[in-house]
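Colleague: compute the structure for the input listed below.
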Amino acid sequence: MEQNNTRWTQFDQFVSTLMAEEPIVGLGVTVTEHGKTIYCRGFGVADLETKAAVTEETIFGIASVTKSFTALAVMRLVEQGLLSLDASVCYYLPAFRLREVPDITAIKLRHLLTHSTGLPPMRRRQDLMGFASHLEFLAHEQVMLLGAPGQYVSYCNDTFLLLGAVIEAVTGSGFRQHITDTILKPLGMKRSTLEDDVLSTLGNLSTPYTYQTSTKTHQAEAWPVLNNYAVGGGVRSCLRDLLKYGQVYLGATPLAHPATIHTMWSEGLPVGKNASYGFGLRYSPAHGGVTLVEHGGGQPGVSSHFGFVPERGIVAAVLANVTNVSAARVWLAAVNTALGLPLHYNTNEELPQLLERNLEPFVGTYTSAEGGQVAVAEDNGKPVAKTEGLTHALIYAGGTTFFFNYRGQRVLRFFLDAGEKAWAVQFGLRILRR
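Modeller: Residues are numbered from 1 along each chain as shown. Modelled structure (predicted):
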């Protein structure tokens, strides 16, 4: 027990140091093992003006952690025989069309769940209300495909949100109501909601912030109105409720059959040397002898991370109220602490630093219609990556892989054409074209 306390003290020190390095206002961390809380602590404040403390009941946005809720709802409908993973999306949504896809039947339900439709990140249309309007947008938007369905994983919110339309089509219930009735209420997640009008009644809300680098100040943000994008990012929740939700994935709460849960994090496509993306969940099957299953999220005023370790019965959640801070690093450090592993242990970051290779095939600017961008160039004869207004030294790791260090390792995996020139790069879970 004393050794365990020592490890958590080291974790506390890590978080405190991180908060001094990054513009984090409020952060909450919790870990359970076999349903018993082994760590729960709030850091900083939920609101800069009131100085309200972060507690296990403070509500934050969870952003794309929501995707696992939607995927779970879909898989429960698969269990009930109402959906099939290998059915064409247009079987459930006859209006589904894409300009560049002559055989729309090739895109299956599982391709939506795994972000493998072949579409890159798309122009975000948060103004659209109702799934019919989004289907109309997709039918007319000009998009250059990355490849065939199932060939590449590239995060695409605009196809993932179609799962909400599928749920509505087969249940006759609104998406938000369906998630509330079939997941939030049965689990007793009383401080979780997809509804803005309900959010305002719950109290103990964090204030979302963005950090202005030019003035080094925090700007309070309104809770975003997501419309259709709520399917992939609309749940607002707290640490205590996310622990209840996590028990579903450990089989402690029978909301879905264990085989269904296992499918969600075992039938995926590779997104790194030791990671795959399943159904709304990313998993790494060789982390110190166990499997990490996780998902992160980010929105204006939100950085979140949630996941579990099935072999050890561990559930962990991290919530922060500032955009683009290292919730994922905190989550991994917390899980490593619970597992008795070194604080910074990460099988996905064990990349060799090799001799320099010819950079010319990779030089260029890679972008997506969603707004992501990374530029590869030489600066004083050294390879660099430029993204989000910052320039980072680029390190070669073998093959077509480079990385740079910024709040952990950021990996760039390039795709080469027949002429051995890069036409795209995988940066995080998104593929950006040159």
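
Colleague: residue 48 and residue 218 touch, don't they?
Modeller: Yes: if you go by Cβ atoms under 8 Å, residue 48 and residue 218 touch, sitting 6.3 Å apart. Backbone N, C-alpha and C define where each C-beta goes, glycine included.

Colleague: which neighbours do these two share?
Modeller: Common neighbours of residue 48 and residue 218 (criterion: Cβ atoms under 8 Å, 6 or more residues apart in numbering): 25, 209.

Colleague: and the helices in the stretch 1-150 of the chain?
Modeller: For the stretch 1-150 of the chain, applying DSSP state H, counting those that start in this stretch gives helices covering 2-21, 66-79, 89-92, 109-113, 131-140.

Colleague: got TSV for those helices, with mean pLDDT too?
Modeller: Formatted as TSV, the helices of the stretch 1-150 of the chain follow (pLDDT from 0 to 100):
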stretch	mean pLDDT
helix 2-21	87
helix 66-79	98
helix 89-92	98
helix 109-113	98
helix 131-140	96
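
Colleague: of all the ones you listed, which one is nearest residue 399?
Modeller: helix 109-113 (26.4 Å; Cβ to Cβ).

Colleague: which strands or helices does that closest one pack on?
Modeller: For helix 109-113, the packing partners by 3 or more Cβ pairs under 8 Å, 6 or more residues apart in numbering; DSSP states H and E come out as helix 66-79, helix 89-92, helix 157-160, helix 162-171.

Colleague: CA atoms only for that helix - export them in PDB, please.
Modeller: Extracted in PDB, the C-alpha atoms of helix 109-113 (Å, rounded to 0.1, in the frame of the first residue of the first chain):
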ATOM      1  CA  LEU A 109     -22.100   0.400 -41.500                       C
ATOM      2  CA  ARG A 110     -18.700  -0.800 -40.100                       C
ATOM      3  CA  HIS A 111     -16.900   1.700 -42.300                       C
ATOM      4  CA  LEU A 112     -18.800   4.600 -40.600                       C
ATOM      5  CA  LEU A 113     -17.800   3.100 -37.200                       C
END
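
Colleague: tell me where the stretch 151-300 of the chain has helices.
Modeller: So, for the stretch 151-300 of the chain - with DSSP H, counting those that start in this stretch - the helices run 157-160, 162-171, 175-179, 196-202, 230-233, 239-249, 258-264.

Colleague: give me whichever of these is most buried.
Modeller: helix 230-233 (a mean of 26; mean count of other Cβ atoms under 10 Å).

Colleague: hmm, residue 354 is touching residue 402, no?
Modeller: No: counting by Cβ under 8 Å, residue 354 stays clear of residue 402, with 9.9 Å between them.

Colleague: more neighbours: which of residue 48 and residue 218?
Modeller: The neighbour comparison of residue 48 against residue 218 (other Cβ atoms under 10 Å) goes to residue 218, with 20 against 16.

Colleague: before we move on, the earlier item: now render the helices and strands packed on helix 109-113 as TSV, adding distance to residue 185.
Modeller: Converted to TSV, these look like this (distance: least, Cβ to Cβ, whole Å):
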stretch	distance to residue 185
helix 66-79	13
helix 89-92	25
helix 157-160	24
helix 162-171	15
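
Colleague: which one of these lies nearest to residue 358?
Modeller: helix 157-160 (35.5 Å).

Colleague: any idea how far residue 412 is from residue 395?
Modeller: 10 Å (Cβ to Cβ, to the nearest Å).

Colleague: my bad, should have said residue 322
Modeller: Distance from residue 322 to residue 412, by Cβ to Cβ: 25 Å.

Colleague: quick check, central residue of the protein?
Modeller: Closest to where the C-alpha atoms of the chain average out (Cα atoms, centre = their mean) is residue 296, at 3.4 Å.

Colleague: what's near enough to touch that one?
Modeller: Residue 296 neighbours (Cβ under 8 Å, 6+ apart): 63-65, 303-306, 327-328, 331.

Colleague: thinking again about what came up before, can you redo the helices of the stretch 1-150 of the chain as TSV with distance to residue 155 and mean neighbour count?
Modeller: Formatted as TSV, these follow (distance: least, Cβ to Cβ, whole Å; neighbours: other Cβ atoms under 10 Å):
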stretch	distance to residue 155	mean neighbour count
helix 2-21	25	13
helix 66-79	10	23
helix 89-92	17	18
helix 109-113	12	24
helix 131-140	16	16
